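>>> my questions are about this predicted structure, shown below with the sequence.
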2 protein chains.
Amino acid sequence: MSAKLLKGKPVSDAMAEKLSAVAAESTPRLAIVRVGERPDDLSYERGVIKRCTALGVEASVFAFPADVPQAELIDGLRALGEDGRIHGILPFRPMPHQIDPAAVKAAICPEKDIDCVGPRGSASVFDRTLPGFLPCTAEAVLETLKYYEIPLAGARAVVLGRSAVVGRALALLLLDEHCTVTVCHSKTREIEKLASEADILICAMGRAKKVGAAYIKPGAAVIDVGINDDGNGGICGDVDFEAAADIAGAITPVPGGIGVVTNTILVRNVVRAYIEKMNRKNHH
Amino acid sequence: MSAKLLKGKPVSDAMAEKLSAVAAESTPRLAIVRVGERPDDLSYERGVIKRCTALGVEASVFAFPADVPQAELIDGLRALGEDGRIHGILPFRPMPHQIDPAAVKAAICPEKDIDCVGPRGSASVFDRTLPGFLPCTAEAVLETLKYYEIPLAGARAVVLGRSAVVGRALALLLLDEHCTVTVCHSKTREIEKLASEADILICAMGRAKKVGAAYIKPGAAVIDVGINDDGNGGICGDVDFEAAADIAGAITPVPGGIGVVTNTILVRNVVRAYIEKMNRKNHH
């Protein structure tokens, strides 16, 4: 392996110090809203709670049965919105089929929407002058690129995948950083050729080890957002790490890469929501 | 010239018929909010009023002096938001320096925001499942591509320019249509090379006749969003039309292209805002 390894921990640690200082004087609180017991939700939940605890933020889980009627879940979400002790709300998605995503987006308290579920966050991704929290994963990618001082202005960035919270959001965030941005997806022709023109390649397709040597320009920064089942009880990214690490100039591992930073961004957003609330109080 | 000419009028006419039918039974009303008397604002105003009148929509101009204090303008915007006879509000931008754009975004009535000024529209561009009106120019480009049956799925689309209402919005709208989208701008390296790989080239840089033969792939669809002073008292696009028309497969003229469609989209949004209001009334 010749590529520089872009671990998530140093990025996360650099942010953590400031967060702990704020949390020490007060108690920001996160409400996790989980429907059912999907293994990936439970695994994500453990990671988020661990990170919250480490940084002095309280996390409470509000778990609903997998067959919860929509009205009951929405009532629960609204109650958390009105609860003055809660500063951030994180509903795990996707939810079971009886729950209309539009109802969740409409019910989440805008000021507590710390992972861009509802309209306040969506508006702020499109127009950065508007208030709101960006999707944590997209921000984690940007934070990692900046921490490791990957040159962004004028760089050719190719994003593989067009999900709302990663591909679409990152396209806009990278444009703000003056990258020339291309978004590829399942309908893209010659995807390997396009990917191999990238100075910065963001892999967010959700397909295990799909991105091999042919996708990578020698020296490129490869950011792996994928979290897939590796078939052996562990997780792996969208990138074939062994093949890519010899060609890339820098690469994030999975696990230990973007996921670590994402959890810290999430906690940072809870702390920020807490601070915003204090500021609103002081203005009244 | 070998390229098919993509005129705006047929696209506009196809939409107009339905709009007139709605307007005939009622009176949707647009409020134009203009600060000062910039020549391009006045020219745009004439075009919008003409199109409104032709389609049975009433347009009123609320003109403020160029040095209007921000508080006075914001009061005016709020009053229009509360005025039950007004269904759409169109503030001309950019505004003079004493007006904070954020104040305008916050003050415009979300349901009457027919050109994506405030957060409701921005949220809906990013997340199309959320309600709101898209930027008229970006929608005009999409409407034109669809009217002339330019193949979109899998096509390579390159957008030159990253303004909020055109470049950024179109990137997202074209992704929804399954294009592979690249956004280029002033910091892009090898912009001619990238542009010349496009099946669909959207020119929205605001630089007169900048896009010449070297930017265009033979047979490409070239969409010219630019409206620039041609130095002879007329307007011209971002594309060097004579040079491009021999290489492109299809091309929009300026004037007579996207601008014509944009005005009709604007009127359509006023009519839609009117219908949405009637529907809200009927539900109460």
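On my side now, so go ahead. Numbering: from 1, shown residues only, chains lettered A, B, ... in the order given.
>>> A:Lys7 reaches A:Gly257, doesn't it?
Yes - with contacts counted by C-beta atoms under 8 Å, A:Lys7 reaches A:Gly257, the gap being 6.8 Å. Where C-beta positions appear, they are placed from N, C-alpha and C, glycine not excepted.
>>> how about low-confidence regions in chain A?
Flagging of chain A using pLDDT under 70 yields the residue ranges A:23-25, A:284.
>>> interface residues of it facing chain B?
A:101-102, A:105, A:119-120, A:122-127, A:129-130, A:153-154, A:156, A:162, A:164, A:168-169, A:171-172, A:175, A:178, A:180-185, A:187-189, A:194 (C-beta under 8 Å from any C-beta of the partner chain).
>>> out of these, list just those in strands.
A:156, A:180-184 (DSSP state E).
>>> show me how the record splits chain A into domains.
When chain A is parsed with automatic domain parsing, its domains come out as A:27-111, A:136-256.
>>> quick one: end-to-end length of the longest one, please.
Read it as domain A:136-256. The first residue of domain A:136-256 is 16 Å away from its last residue (C-alpha to C-alpha, to the nearest Å).
>>> ok, now stretch A:101-113?
For stretch A:101-113, the first-to-last residue distance is 14 Å (C-alpha to C-alpha).
>>> off-centre distance for it?
Put simply, stretch A:101-113 sits 17 Å off its chain's centre (C-alpha atoms, centre = their mean, to the nearest Å).
>>> and stretch A:29-45, by the same measure?
So, by C-alpha atoms, centre = their mean, the centroid of stretch A:29-45 is 15 Å from its chain's centroid.
>>> got the buried residues for it?
Neighbour counts over stretch A:29-45 (16 or more other C-beta atoms under 10 Å in any protein chain shown) mark A:29-35, A:38, A:41, A:44-45 as buried.
>>> and these, which two are furthest apart?
Farthest-apart pair in the buried residues of stretch A:29-45 is A:Arg29 and A:Arg38; separation 23.8 Å (C-beta to C-beta).
>>> contacting residues around the residue nearest the centre of chain A?
Nearest to the geometric centre of chain A sits A:Thr137, at 1.6 Å (C-alpha atoms, centre = their mean). Applying C-beta atoms under 8 Å, 6 or more residues apart in numbering or on different chains to A:Thr137 gives the contacts A:165-166, A:204, A:225, A:258, A:262.
>>> inside helices: which ones of those residues?
Counted as lying in helices by DSSP state H, out of these, are A:258, A:262.
>>> nearest to chain B among the contacts of A:Thr137?
Lowest distance from chain B to the contacts of A:Thr137 (C-beta to the nearest C-beta) belongs to A:Val165, with 10.0 Å.
>>> give me the nearest residue to A:Pro69, chain neighbours excluded.
A:Gln98 (7.0 Å; C-beta to C-beta, 6 or more residues apart in numbering or on different chains).
>>> what's the neighbour count on that neighbour?
Using other C-beta atoms under 10 Å in any protein chain shown, A:Gln98 has 12 other residues around it.
>>> that one contacts A:Glu72, doesn't it?
No - the criterion here is C-beta under 8 Å, and A:Gln98 misses it with A:Glu72 at 10.5 Å.
>>> what segments of chain A are strands?
Using DSSP E, strands in chain A cover A:4-5, A:29-35, A:58-64, A:88-91, A:156-160, A:180-184, A:200-203, A:221-224, A:228-229, A:235-236, A:250-251.
>>> residues contacting A:Ile32?
A:45, A:48-49, A:59-62, A:90, A:92.
>>> list buried residues within the residues you listed.
Buried subset of the contacts of A:Ile32 (neighbour count, 16+ other C-beta under 10 Å): A:45, A:48-49, A:59, A:62, A:90, A:92.
>>> and these as a markdown table, adding distance to B:Arg280?
Formatted as a markdown table, the buried ones among the contacts of A:Ile32 follow (distance: C-beta to C-beta, whole Å):
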| residue | distance to B:Arg280 |
| --- | --- |
| A:Glu45 | 39 |
| A:Val48 | 39 |
| A:Ile49 | 42 |
| A:Ala59 | 39 |
| A:Phe62 | 32 |
| A:Leu90 | 32 |
| A:Phe92 | 32 |
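>>> and the gap between the closest residue to A:Cys203 other than its chain neighbours and B:Thr27?
Nearest in space to A:Cys203, with sequence neighbours left out and distances taken as C-beta to C-beta, 6+ apart, is A:Asp238 at 4.0 Å. According to C-beta to C-beta, to the nearest Å, A:Asp238 stands 55 Å off from B:Thr27.
>>> what about the two, which has more around it?
Using other C-beta under 10 Å as the criterion, A:Asp238 and B:Thr27 rank with A:Asp238 on top: 25 against 12.
>>> and that one, what does it touch?
A:160, A:203-211, A:224-226, A:228.
>>> got a PyMOL select line for the buried ones in the residues you listed?
Filtering the contacts of A:Asp238 down to the buried ones (16+ other C-beta under 10 Å) takes a single PyMOL command:
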select buried, chain A and resi 160+203+204+205+206+208+209+210+211+224+225+226+228
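>>> ok, of the contacts of A:Asp238, which one's closest to B:Ala250?
Closest to B:Ala250, out of all of those and judged by C-beta to C-beta, is A:Leu160, at 29.7 Å.
>>> in this structure that closest one contacts A:Ile202, no?
Yes - between A:Leu160 and A:Ile202 there is a contact at 6.6 Å, judged by C-beta under 8 Å.
>>> got any residues that touch both of these two?
By C-beta under 8 Å, 6+ apart, the residues touching both A:Leu160 and A:Ile202 are A:Gly167.
>>> hmm, back to that, and which of the buried residues of stretch A:29-45 is nearest B:Gly84?
Distances from B:Gly84 to the buried residues of stretch A:29-45, taken by C-beta to C-beta, are shortest for A:Val33, at 38.4 Å.
>>> leaving out chain neighbours, which residue sits closest to the closest one?
Counting by C-beta to C-beta, 6+ apart, the residue nearest A:Val33 is A:Pro91, at 4.1 Å.
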